[in-house]
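Undergrad: Let me see the structure of the following:
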Amino acid sequence: MTSTPTEPDQVQEPELPLLSAPADGLPPVVADEAALAQVVAAFAAGTGPVAVDAERASGYRYGQRAFLVQLRREGAGTALIDPAALPDLSALGEVLADVEWVLHAANQDLPCLAELGMRPSRLFDTELGSRIAGLPRVGLSAVLEELLGLRLAKEHSAVDWSTRPLPEPWLNYAALDVEVLVQLRDALAERLAAQGKLDWALQEFAHVAATPPPVPLAEPWRRVSGLHAVRSRRQLAVVRELWLARDAEARRKDTSPGRLLPDSAIVAAARALPRTPQTLAGTPGFTGRASRTKLTTWAEAVARGLATPEADLPAQSPRSDGPPPPRVWAAKDPLAAARLSAARAAVTSIAEQHGLPVENLLQPDALRRVVWTPPEPLDAAGVRAALAARGARPWQLDLVSGPVAEAVLAARPEESADSPTG
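TA: Numbers count the residues shown, from 1 in each chain. Predicted structure coming up:
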């Protein structure tokens, strides 16, 4: 075969080095109290920040608990801990309580770490920091490439981490997730400082560390994918009953609910309202082995939804103490819709000026609430107080309070006409 010569302007960039194995070798998995005590002592004697990560079995097991915890600290090396064998890691949490934790996408791991007794007082989130720094891609592999010039293989990211014993290639992958996380933290802190954003990021990290675990949803079944296609309250009752039945069975079997019955099947049954198990069996989504195994359970759930008294049918929309969805503002309150459009444009402009994602500059829900019911008097101080009450951090308030107040005021004809510049 004749090769085609490479054109001068087609010279390829050299491939970045691949981070393929832990520098100190792969440590054994810690699965008994004696080994855990050694880890606790080693990490207590270590220095500097501690890199932390956790692997869950999302899509395989019920809930979001951790099935492997990885840590690395200067002077202590890397530790891989099996929470299935050691469900109480509070001793480790205590010796690391005042140490800065470095995590990537901390919100994903903090809840399952808290279940094990591990809670940071200080943290540095390299994913959140990357967003504030304006990096175009914020996955761990992409950020490592951008800031450290290293490639990280991610071929085991979606495996079943509840598998025992864990295969060595998986453990190697898990150890690499914390191998250079502290170095990444330092490089990112340097980038943020050069941009004048380090204090912004530190405020965000402190907020994440101080935020309590989320309150369980009052109606978790409303998170069923495709629920928008369900039109009536009776159909919603069927969705609710099927979701509750699936959740109970998934909890009992310790399996992911979607492996028993997909959301699409729940929606299809709610729309069809089948009256018999035989009719339900012909409904899309109920033809698989997992669905048919519990066909009687699903049919009974549908029957309960069909028999729900009118007074007990779920509301068409979820209960909320906030404003309505923005898509209906124009019909419900045209002036509010105009205020929201102006405020969004102001926030978007500020975000673009500073290279920030809009949602990281200001939480959309906070903006909607303040715009729906503007503070009185409507000025920068009033907007600042209203946004602060919704959890906005000082750096966000400094950037957006004045522009949002001006934008909302300009969209209120009765006030802009009375203003000195109106």
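Undergrad: Would you mind listing the residues in contact with Ser291?
TA: Residues in contact with Ser291 (CB atoms under 8 Å, 6 or more residues apart in numbering) are Leu260, Leu261, Ala265, Gly285, Trp298. All C-beta spots, glycine's among them, are computed from the backbone N, C-alpha and C.
Undergrad: Out of those residues, which sit inside strands?
TA: Judged by DSSP state E, the contacts of Ser291 include no members of strands.
Undergrad: okay, who's weakest in these by pLDDT?
TA: For the contacts of Ser291, the minimum pLDDT belongs to Gly285; the value there is 89.
Undergrad: Now do the contacts for that one.
TA: Listed by CB under 8 Å, 6+ apart, the contact partners of Gly285 are Leu261, Pro262, Ser264, Ala265, Ile266, Ala268, Ala269, Ser291.
Undergrad: ok, now Ala270?
TA: Counted by CB under 8 Å, 6+ apart, Ala270 has contacts Val230, Gln235, Leu236, Val238, Val239, Leu242, Gly305.
Undergrad: Name the nearest residue to the first one, sequence neighbours excluded.
TA: What that stands for is Val230. Spatial nearest neighbour of Val230, chain neighbours left out: Ala270 (5.0 Å); criterion: CB to CB, 6 or more residues apart in numbering.
Undergrad: Strands of this structure, start to end?
TA: Under the criterion DSSP E, the chain contains strands at 18-19, 29-30, 47-56, 66-74, 77-81, 100-103, 122-125, 151-152.
Undergrad: between the third one and strand 77-81, how many degrees?
TA: Between the direction of strand 47-56 and that of strand 77-81, the angle (axes from the mean of the first three to the mean of the last three CA atoms, to 10 degrees) works out to 30 degrees.
Undergrad: mind listing what's buried in strand 47-56?
TA: For strand 47-56, the neighbour count (16 or more other CB atoms under 10 Å) marks Pro49, Val50, Ala51, Val52, Asp53, Ala54, Glu55, Arg56 as buried.
Undergrad: partners of that strand in the sheet?
TA: Strand pairing for strand 47-56, using DSSP bridges, gives strand 66-74 (antiparallel), strand 100-103 (parallel).
Undergrad: Check which residues of the longest one are buried.
TA: For strand 66-74, the neighbour count (16+ other CB under 10 Å) marks Ala66, Phe67, Leu68, Val69, Gln70, Leu71, Arg72, Arg73 as buried.
Undergrad: Spatially, what comes nearest to the last one if we skip its sequence neighbours?
TA: What that stands for is Arg73. Using CB to CB, 6+ apart and skipping the chain neighbours, the partner closest in space to Arg73 is Gly46 (3.8 Å).
Undergrad: cool, and the third one?
TA: Distances taken as CB to CB, 6+ apart place Glu55 nearest to Leu68, at 4.2 Å, with adjacent residues excluded.
Undergrad: is it true that that neighbour touches Arg61?
TA: No. Using CB atoms under 8 Å, Glu55 is not in contact with Arg61; the gap is 11.5 Å.
Undergrad: what do these two both touch?
TA: Shared contacts of Glu55 and Arg61, counting by CB under 8 Å, 6+ apart, come down to Phe67.
Undergrad: Report the contact partners of Arg390.
TA: By CB under 8 Å, 6+ apart, the contact list for Arg390 reads Gln363, Asp365, Ala366, Arg369, Val370.
Undergrad: 6 Å instead, please
TA: By CB atoms under 6 Å, 6 or more residues apart in numbering, the residues touching Arg390 are Ala366.
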